[in-house]
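K.L.:
Next come a sequence and a model predicted from it.
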Amino acid sequence: MGELDGRIALVTGASRGIGAATARALAAEGAKVAVTDLAAPEALAAEIGGLARAQDVTSEDDWAATTDWLRAEAGGLDILVNNAGLFLMKPLVETTLAEWQRLHRVNVEGVFLGTRAAIPLLAERAGQWSGGASVINLSSMAGLVGSAGTACYNASKGAVRLFTKGAALELAPQKIRVNSVHPGVIDTSMGDEVVNGLAGLTGLGANEARVAATAIHPLGHMGQPQDIANAIVFLAGDKSAFMTGSELVVDGGVTAG
Ligand SMILES: NC(=O)c1ccc[n+]([C@@H]2O[C@H](COP(=O)([O-])OP(=O)(O)OC[C@H]3O[C@@H](n4cnc5c(N)ncnc54)[C@H](O)[C@@H]3O)[C@@H](O)[C@H]2O)c1
């Protein structure tokens, strides 16, 4: 028996990194998992016995088509993981309006469009589970504290944090819980972008920048995608039934100080 037997989940941005690990972890607990990304993650879907589709989370039309597809092919939706995201680290004075807008379209508008589109599907099945339906939004430790070079990313992930709380209050009567997850630096392609961004900003070499990005974590290492997937599985199921509008921080202690 898995913790998520009978549930249907959607993970966006699932081709790699945290999204792929999350899709595998949800499937391992018995969920039927639909995975989307800019290109359909077909191999992952085949591996976990799930469904795949190409989807740009910034497109309203794609969200409408994706929810129609979920209803027809998967039978509904119980768990939405708004995972797709972009990173940006560069001095503010060099940042273009187009870069700010692209970041916010994916990181903020994508979460808004996804949550809004999923509400009718989630509400239909929420009554079946003691923990109701669950929306999990990927914020970041960067949605809790700022750092030099990441002001635009901070703004986008801070928006996800508070969007989550407002949506949680509004959707609680429908038994739809909404929580955010706040990773530290995780060893993914985006983790590499963090290291490269730090190298560009500070003039450190690539190896030194990786050491510096690692050293901010009191636990002494970066996180792995599985660390975040474990937290998401917890938020998806009934063990977190009394949690909504909360921030689950999984950052190796970075923001504890
Ligand atoms: N890796 C980290 O250090 C870290 C830390 C904190 C938060 N996060 C957040 O976790 C989430 C996943 O991060 P990751 O490290 O796995 O990143 P990643 O870059 O490895 O993967 C992100 C995925 O999102 C997809 N994506 C990008 N734009 C998209 C769009 N418009 N529509 C659909 N898919 C799109 C990409 O194709 C990619 O597969 C992101 O929201 C990120 O901001 C990551």
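P.N.:
Everything's here; your move.

K.L.:
quick one, what contacts the closest residue to Met141 other than its chain neighbours?
P.N.:
Residue nearest to Met141 in three dimensions, not counting chain neighbours: Asp251, with 4.3 Å by CB to CB, 6 or more residues apart in numbering. C-beta: built from backbone N, CA, C; applies to glycine. Contact analysis of Asp251 by CB atoms under 8 Å, 6 or more residues apart in numbering lists Met141, His182, Pro183, Gly184, His217, Gly223.

K.L.:
how about the fourth one, phi and psi?
P.N.:
What that stands for is Gly184. phi -80, psi -160 (degrees, to the nearest 10).

K.L.:
what number of residues lie near it?
P.N.:
27 (other CB atoms under 10 Å).

K.L.:
So it is in contact with His221, correct?
P.N.:
No. Using CB atoms under 8 Å, Gly184 is not in contact with His221, being 9.7 Å away.

K.L.:
need the contact list for Ala256.
P.N.:
Contact analysis of Ala256 by CB under 8 Å, 6+ apart lists Pro218.

K.L.:
before we move on, what about Pro91?
P.N.:
By CB under 8 Å, 6+ apart, the residues touching Pro91 are Gly149, Leu201.

K.L.:
and it, what pLDDT?
P.N.:
Looking at Pro91, its pLDDT reads 96.

K.L.:
quick one, what contacts the nearest residue to Arg125 once chain neighbours are set aside?
P.N.:
In space, and not counting its chain neighbours, Arg125 is closest to Gly76: 5.0 Å by CB to CB, 6+ apart. For Gly76, the contact set (CB under 8 Å, 6+ apart) comprises Ile8, Leu70, Leu121, Glu124, Arg125.

K.L.:
Tell me how far the second one lies from the ligand.
P.N.:
It refers to Leu70. In this view, Leu70 and the ligand are 15 Å apart by CB to the nearest ligand atom, to the nearest Å.

K.L.:
Verify the stated contact: that residue with Ile79.
P.N.:
No. At 11.2 Å, Leu70 and Ile79 do not qualify as touching, with contact defined as CB under 8 Å.

K.L.:
In this structure, what residue spans correspond to strands?
P.N.:
Here the chain has its strands, by DSSP state E, at 8-11, 32-37, 51-54, 79-82, 133-138, 176-183, 247-250.

K.L.:
Generate a markdown table for those strands, with distance to Thr115 as supplementary columns.
P.N.:
Shown next, in a markdown table, are those (distance: least, CB to CB, whole Å):
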| stretch | distance to Thr115 |
| --- | --- |
| strand 8-11 | 11 |
| strand 32-37 | 15 |
| strand 51-54 | 18 |
| strand 79-82 | 7 |
| strand 133-138 | 6 |
| strand 176-183 | 7 |
| strand 247-250 | 16 |
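
K.L.:
Mutual contacts of Gly184 and His221, please.
P.N.:
Gly252.

K.L.:
which residues are common contacts for Leu70 and Ile79?
P.N.:
Ile8, Leu10.

K.L.:
how many neighbours does Gln101 have?
P.N.:
Residues near Gln101, counting by other CB under 10 Å, number 12.

K.L.:
Distance check, it against the ligand.
P.N.:
Gln101 is 13 Å from the ligand, by CB to the nearest ligand atom.

K.L.:
for Val93, same thing?
P.N.:
23 Å.

K.L.:
And for Arg177, the neighbour number?
P.N.:
Residues near Arg177, counting by other CB under 10 Å: 26.

K.L.:
Asp238 is in contact with that one, correct?
P.N.:
No. Between Arg177 and Asp238 there is no contact under CB under 8 Å: 10.4 Å.

K.L.:
Mind listing the shared neighbours of the two?
P.N.:
Gly131.
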